[in-house]
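Asks: coordinates for the following, if possible.
(chains A and B)
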Amino acid sequence: MTRKTLLGGVSAAVVAVAAAGVGLADIRTGDSLVINGEIEIVTETAPPPFLEGVFSTIYSGWVFRTDETRAMEADDFDNPGMLYVEQGLEAFNTAMGTEGNSCATCHETPETLSTVRATYPQWDEEHGTVQTVEMQILECQTERMGVAEPYGYDSQEMRNMAALIASVGRGQTINVAIDGPAAETWALGEEIYYTAYGQMELSCAHCHERNYGNLIRADHLSQGQVNGFPTYRLKNANIVSVHNRFRGCIRDTRGEPYAIGSPEFVALELYVASRGNGLSVEGPAVRN
Amino acid sequence: MKRQMLLAATIGLAATSLQADVIAPGDVVMTEYGEVTESLTGVPGDPARGQAIMVDRGQGNCLACHQVTALDHEPWHGEVGPSLDGVATRWDEAALRGLLVNADTVFPDSIMPAFYKVSGFVRPGDGFTTRPAPADLQPMLAAQDIEDVVAFLMTLTDY
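Replies: Here you go, the predicted model:
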């Protein structure tokens, strides 16, 4: 009612500023996620140093979802993403390529790779580039296994394998390096994050930094963290990759996304992953 | 089906015959306060049509970000922008038209898209197809659409 007295452009702008911004009012924070009654997941924590002026707390996308969606992730029997992990495990133990090797030939069990998800994307000295988990899998297939037709970057097989590697890392603290040789790639990712794309001129920050917690039509915007990837999306009834999500978000700005697996998306993945430094690996997470 | 197509063709024809009076996105004159005083078409806006455009996800999709009590029969109103209740008491017609054309003058770096703009974008697409924008990229709303939405907004006088 007091608003009625606020006439004219200037006062309206004040109303607008007060109304916009972060809206955690109908989001239940402070809950914890424990998977299978044993894997403790950090779903909210202090931001990494470079985000200290931006966020007081960083949140996993889990925090923004409904009780039903949250619950599906708490038990592997209820998490449909685990079916893809099982397929990944089968492939892990299957020989492929001219060398007659399986992943298990070199890595014994997936559990030996449990620190991978939390530290990728990461700088690869030998190739002189920042590598994602998918790029590392491709490297093993082509350089160590003699696989003539390696997995497509966003293929079902690749997502299954990436989901397996995420699943054995669940509970580990995300800690991707952003300095040293990775710094340049990280800076490119940061630039992309704050660029307004498409005919709607929207940046990642417009939605996930300035409006997390707010409803955008029927969806509660999260902080756009990638700690839960590959993520089982109820909407797709399948697991989706990080780059596929980036692609969808840029498409939704009426924009032309970068290609999946492109250097731009690799840089963006490194940057976004680092915004979650301190959260836990959660993949395959369940989201709508 | 046939009749519908005929009707569409007639409407299309009517629209083209009006084209002469339409102010193109590049020719819109905006005051330093972000107002557009002149109608983009010279044809009075139709509030009923404006309401439909605001709701339609493929057109204005204003409800993605705004709550409007008068549209309560529609599900899911967003919270990203302020409620538009009483908006006509805060802004006059020229200001509302200006906000729709391009809100950036009034709200710098606004998340609200510029609905009547066709250039100056980074990697614009062809709608939601992921393909690059065509050379003759159309504004998100046509000139008459803007007039119709403004006409609907002018009815929002209550809180």
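
Asks: correct me, but residue A:96 touches residue A:142?
Replies: No: Residue A:96 lies out of contact with residue A:142 (C-beta atoms under 8 Å); the separation is 11.1 Å. (C-beta placed from N, C-alpha, C; glycine too.)

Asks: the two: who's more crowded?
Replies: Taking other C-beta atoms under 10 Å in any protein chain shown, residue A:96 and residue A:142 do not tie; residue A:96 has more neighbours (19 against 14).

Asks: tell me which residue of the stretch 51-200 of chain A lies closest to chain B.
Replies: Distances between the stretch 51-200 of chain A and chain B by C-beta to the nearest C-beta are smallest at residue A:200, namely 4.1 Å.

Asks: mind listing what that residue touches?
Replies: A:253, A:254, A:255, B:113, B:140 (C-beta atoms under 8 Å, 6 or more residues apart in numbering or on different chains).

Asks: now it, nearest residue through space, not along the chain?
Replies: Of all residues not flanking residue A:200 in the chain, residue B:113 sits nearest, at 4.1 Å (C-beta to C-beta, 6 or more residues apart in numbering or on different chains).

Asks: what about the one you found, how many neighbours?
Replies: 24.

Asks: for it, which residues are in contact?
Replies: Counting by C-beta under 8 Å, 6+ apart, residue B:113 touches A:199, A:200, A:201, A:202, B:140.

Asks: hmm, residue B:115 and the last one touching each other?
Replies: Read that as residue B:140. Yes: using C-beta under 8 Å, residue B:140 is in contact with residue B:115, at 4.7 Å.

Asks: quick revisit: which one of the contacts of residue B:113 sits closest to residue A:219?
Replies: residue A:202 (14.3 Å; C-beta to C-beta).

Asks: distance of the closest one from chain B?
Replies: 6 Å (C-beta to the nearest C-beta, to the nearest Å).

Asks: I'd say that residue and residue B:111 touch.
Replies: Yes: using C-beta under 8 Å as the test, residue A:202 is close enough to residue B:111 to be in contact (6.5 Å).

Asks: for the chain, give me the ranges with low pLDDT.
Replies: I went with chain A, as the question did not name one. Counting by pLDDT under 70, chain A shows low-confidence ranges at A:1-22.

Asks: looking at chain B here, not the other one
Replies: Checking chain B against pLDDT under 70 turns up B:1-20.

Asks: residues in contact with the nearest residue to residue A:70 once chain neighbours are set aside?
Replies: Distances taken as C-beta to C-beta, 6+ apart place residue A:62 nearest to residue A:70, at 6.0 Å, with adjacent residues excluded. For residue A:62, the contacting residues are A:33, A:41, A:43, A:70, A:73, A:228, A:282, A:285, by C-beta under 8 Å, 6+ apart.

Asks: which one of the contacts of residue B:113 sits closest to residue A:107?
Replies: Nearest to residue A:107 among the contacts of residue B:113 is residue A:202, at 40.8 Å by C-beta to C-beta.

Asks: hey, what's the closest one bridged with?
Replies: Counting by DSSP bridges, residue A:202 forms beta bridges with residue A:197.

Asks: what count of nearby residues applies to it?
Replies: Using other C-beta under 10 Å, residue A:202 has 21 neighbouring residues.

Asks: now do residue A:135
Replies: For residue A:135, using other C-beta under 10 Å, the count is 17.

Asks: check which helix or strand covers it.
Replies: Assessed by DSSP states H and E, residue A:135 sits inside helix A:133-139.

Asks: chain center to that helix, what's the gap?
Replies: 17 Å (C-alpha atoms, centre = their mean, to the nearest Å).

Asks: so who does residue A:101 touch?
Replies: A:95, A:144, A:145.

Asks: how near is the last one to residue B:150?
Replies: Which is residue A:145. Distance from residue A:145 to residue B:150, counting by C-beta to C-beta, to the nearest Å: 63 Å.

Asks: the more surrounded of those two?
Replies: residue B:150 (26 against 21).

Asks: that one touches residue B:45, doesn't it?
Replies: Yes: using C-beta under 8 Å, residue B:150 is in contact with residue B:45, at 5.5 Å.

Asks: on that earlier part again, now for the contacts of residue A:200: which two are most distant?
Replies: Farthest pair in the contacts of residue A:200 (C-beta to C-beta) is A:255 and B:140. Separation: 12.7 Å.

Asks: shared neighbours, these two?
Replies: Common neighbours of residue A:255 and residue B:140 (C-beta under 8 Å, 6+ apart) are A:199, A:200.

Asks: of these two, who's got more company?
Replies: residue A:255 (27 against 22).

Asks: what count of nearby residues applies to the closest residue to the more buried one other than its chain neighbours?
Replies: Distance criterion C-beta to C-beta, 6+ apart; nearest residue to residue A:255, sequence neighbours excluded, is residue A:198 at 2.6 Å. Residue A:198 has 24 neighbours, counted by other C-beta under 10 Å.

Asks: picking that back up, now, which of the contacts of residue B:113 sits nearest residue A:166?
Replies: In terms of C-beta to C-beta, no member of these lies closer to residue A:166 than residue A:202, at 28.1 Å.

Asks: coming back round to it: and the residue of the stretch 51-200 of chain A closest to chain B, which of the three is it?
Replies: coil (DSSP: H, G, I helix; E, B strand; the rest coil).

Asks: what's near enough to touch the residue minimising distance to the centre of chain A?
Replies: Centroid-nearest residue in chain A, with C-alpha atoms, centre = their mean: residue A:226, separated by 1.5 Å. Residues counted as contacts of residue A:226 (C-beta under 8 Å, 6+ apart) are A:242, A:245, A:269, A:272, A:273, A:276.

Asks: before we move on, what about residue B:114?
Replies: Counting by C-beta under 8 Å, 6+ apart, residue B:114 makes contact with A:201, B:101, B:102, B:103, B:104, B:140.
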